[in-house]
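Trainee: Build me a model from this:
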Amino acid sequence: MSLLRQLWIVAVVACALAFAGSFAISLITARSYLQQQLLAQANDGAAALALSMSQQAQDDATAELMVSALFDSGHFERIRYEDEHGRTVVERVAAEPAGGVPGWFTGMLRLDPQPGTALVNHGWNQAGKVTLVPYTRFAYEALWKGAIQLSIVMVGLALILGLSLSVLVRWLRGPLNEMVAQAEAIGERRFVTMREPKVRELRSAVRALNLMVDRVRVMFGEQASRIEDLRTEANRDPLTALPNRGFFLGRLRNELQDEDAAPSGALALVRIAGLADLNRRLGRERTDALLRSAAEVLREVAAGEADYFVARLNGADFAWLMPGADPETARRLSVSAARALEALHRHGHADQSPVGFVGVALFHRGDELGHVMARADAALMRAERGEDAEPVISAYDTPLVARTQDEWRTLLQSALHARDFALAGFPVAHVDGRLWHEEAMMRMRAPDDGAPWTAGQFMPAADRLGMTASLDLLAVELALQRLHHSHDPIAVNLSPISLTNLQFREGLQRLLAASPTMARRLWVEVSERGLDQGLSGLAAVAPILSQHGCKLGIEHFGRHFSAIPRLYAQRVDYLKVDGSFVAGIEENAGNQRLIKAIVDVARGLDIQVLAERVSTPAEWHTLAELGVAGVTGPAVTERLRQPG
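Mentor: Coordinates of the predicted model:
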């Protein structure tokens, strides 16, 4: 029972007892007063009758006449006159019932007035005695009328008091409901503050809750900032602030192995010419300034594409990853980079030309990392042997077929109409090796040979054509259908673009509502790379998923660690740390500290942490020691799909 209801019951009971007590006391007091008045009336009437009879002739006819005259006044129930010998000379008795007063009332408040008596004298001798019993009918009527009036007044007061209590309870319920909502929000991993109420006792409690929320928010913010610092320390080059070699290789491995990655791309290696000689000629400070300028030049050239990635591999070498770039784009950008490096010589940052060399290797998803790096290194060496600073591009023997937007639109619309899509499952395991859930990847049947295309081959075109929402709804529908025949949960990937689409959210609501049992075993993942800073897409879709019991996760997590508290507020259930931080983690103490910090913060927020692209048992073992809850990647697939 709620506190307010208990307060209401206590107030009602207290008022009822008070009213009942005051009502009873009032009636008893009135009855006592009326009995005293009846006694006084009887005594006065008896004295007056006796005096009148003493002054008249002492015969029976006169006595009877005087008694009848007094009795007819209607104020006495009985009048009796006795002579000096005790003989009743005259007696009158009223036989009427007591008016319109209920019998239960007269029985509950019975009036027993004492009779009044007086002596009749004749000279100095006693001639008789008169006895008068007052009539109680009028007293009962007065008492009954007073009880009714008192009841009306008390009922009116009760209504006024009840209304006042209702207003008071409603007034108290406002801040109490806000406190309950704040507590529920904390339980749902949302940090909200509330205004302080005017009730003094509640004000201190609300102030304490707000202070706790602020402290928790600041604490998680500080922890998120600490994680950002750890990421910078572990994965950033201190001189140029670019990602370092280890982080770059992890990112390149992801692009080559990730199902969602672009089907092809380019890798450029950039080398500053004669770095050792530059150190001797220019000194360390000017050489460091040249390296920072070269890093800034490459960063500016790559700024046109969000997924392009520049890193510093070692002293003189930089790397530039261009996912999705075709040969023409790779050539154009590498030429721009080479010319921008030459501009450093013209502006006095370098004392010789060429300033640097560029070698480019084209790749397809699925290539071996070592082969791609070797081709890029070979192209760089050919560029260094050239007579000028022109980039050298290592061509790929099997280029992918290029399609126009109209061709892609026709192709995707036909595939959607024919439902030429399927889901390919990849296991996600607990760190102890038990299957956690299946991660379902979209596949599209190729129009020429029927071979399955991965999402990385058709989703970029769908994004450009605004067809992502339709494909994501189909993915959810296929996952729910698959859950009808599977006991294991299934995770499906959704594009961040779809989350802000109203039609997608309405379609998602219908699909989940149509399969409530299956929806509770559905996991939904969204890539961090496409989320906006305000997380508006997550804020729109999270209540729908929570309503139907779906789990919400963020994959490829690692760009915005400071967003962990805000992800907590959006009811995110788990994070999948990007494989760039996982590659070779058993030998990377910096990334170990980073993953440990993420796990500690996420555990405090009741968010589970998983790791992507786990390729070796050593990585798996290290992640388990760091507290990661689950893993996915080639090592997991190999272990869980081994026969027996």
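Trainee: And the strands in the stretch 451-600 of the chain?
Mentor: In the stretch 451-600 of the chain, the segments counted as strands under DSSP state E, counting those that start in this stretch are 452-454, 490-494, 522-527, 551-557, 574-577.
Trainee: quick check: mean pLDDT across the longest one?
Mentor: Same thing as strand 551-557. The average pLDDT within strand 551-557 is 91.
Trainee: In terms of secondary structure, what does that strand contact?
Mentor: The contact analysis (3 or more C-beta pairs under 8 Å, 6 or more residues apart in numbering; DSSP states H and E) places strand 551-557 against strand 490-494, strand 522-527, helix 536-547, strand 574-577. Every C-beta, even on glycine, is put in place using the N, C-alpha and C of the backbone.
Trainee: strand partners of it, parallel vs antiparallel please.
Mentor: Here strand 551-557 is paired, per DSSP bridges, with strand 522-527 (parallel), strand 574-577 (parallel).
Trainee: and the helices and strands packed on strand 551-557, which is most packed in?
Mentor: Ranked by mean neighbour count, the helices and strands packed on strand 551-557 are led by strand 574-577 with a mean of 26 (mean count of other C-beta atoms under 10 Å).
Trainee: re the thing from before, where among the helices and strands packed on strand 551-557 is average confidence lowest?
Mentor: Lowest mean pLDDT within the helices and strands packed on strand 551-557: helix 536-547, at a mean of 89.
Trainee: what angle sits between that helix and strand 551-557?
Mentor: For helix 536-547 against strand 551-557, the angle by axes from the mean of the first three to the mean of the last three C-alpha atoms, to 10 degrees is 140 degrees.
Trainee: Which other helices and strands does helix 536-547 contact?
Mentor: The helices and strands touching helix 536-547, judged by 3+ C-beta pairs under 8 Å, 6+ apart, are helix 496-499, helix 502-514, strand 522-527, strand 551-557.
Trainee: Let's have the strands paired with strand 551-557 in JSON lines, adding distance to A479.
Mentor: Shown next, in JSON lines, are the strands paired with strand 551-557 (distance: least, C-beta to C-beta, whole Å):
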{"stretch": "strand 522-527", "distance to A479": "6"}
{"stretch": "strand 574-577", "distance to A479": "17"}
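Trainee: Which of the three states applies to E439?
Mentor: State at E439, reduced to three classes by DSSP: H, G, I helix; E, B strand; the rest coil: strand.
Trainee: related to what we said a few turns ago, A311 is nearest to which of the strands paired with strand 551-557?
Mentor: A311 sits nearest to strand 574-577 of all the strands paired with strand 551-557, at 18.6 Å, using C-beta to C-beta.
Trainee: what's the distance between that closest one and the middle of its chain?
Mentor: Here strand 574-577 is found 19 Å from its chain centre; the criterion is C-alpha atoms, centre = their mean, to the nearest Å.
Trainee: outside of it, which residues touch it?
Mentor: For strand 574-577, the surrounding residues in contact (C-beta atoms under 8 Å, 6 or more residues apart in numbering) are 525, 551, 553-558, 564, 567, 595, 598, 602, 607-612, 628-630, 632.
Trainee: Likewise for stretch 70-80?
Mentor: With C-beta under 8 Å, 6+ apart as the test, stretch 70-80 has contacts from 41-42, 45, 49, 67, 88, 90-94, 115, 130-136, 138.
Trainee: Among these, the buried ones, what's the ChimeraX command?
Mentor: Selecting only the buried entries of these in ChimeraX, with 16 or more other C-beta atoms under 10 Å as the criterion:
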select :41,42,45,49,67,90,92,115,130,131,132,133,134,135,136,138
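Trainee: In helices, which of the contacts of stretch 70-80 appear?
Mentor: Counting by DSSP state H, these place Q41, A42, G45, L49, V67, F138 in helices.
Trainee: Farthest pair within those residues?
Mentor: V67 and F138 (20.3 Å).
Trainee: so which helix or strand takes in the closest residue to L380 other than its chain neighbours?
Mentor: Among residues not flanking L380 along the chain, G359 sits closest, at 2.9 Å (C-beta to C-beta, 6 or more residues apart in numbering). In this assignment (DSSP states H and E), G359 forms part of strand 356-364.
Trainee: Could you give me the buried positions within the helix or strand just after that strand?
Mentor: Per DSSP H and E, the first helix or strand lying C-terminal to strand 356-364 is helix 369-385. Going by neighbour count (16+ other C-beta under 10 Å), the buried part of helix 369-385 is L369, V372, M373, R375, A376, D377, A379, L380, A383, E384.
Trainee: and M442, backbone torsions?
Mentor: phi -70, psi 140 (degrees, to the nearest 10).
Trainee: shouldn't it be in contact with W453?
Mentor: No - M442 is beyond contact range of W453, at 9.0 Å (criterion: C-beta atoms under 8 Å).
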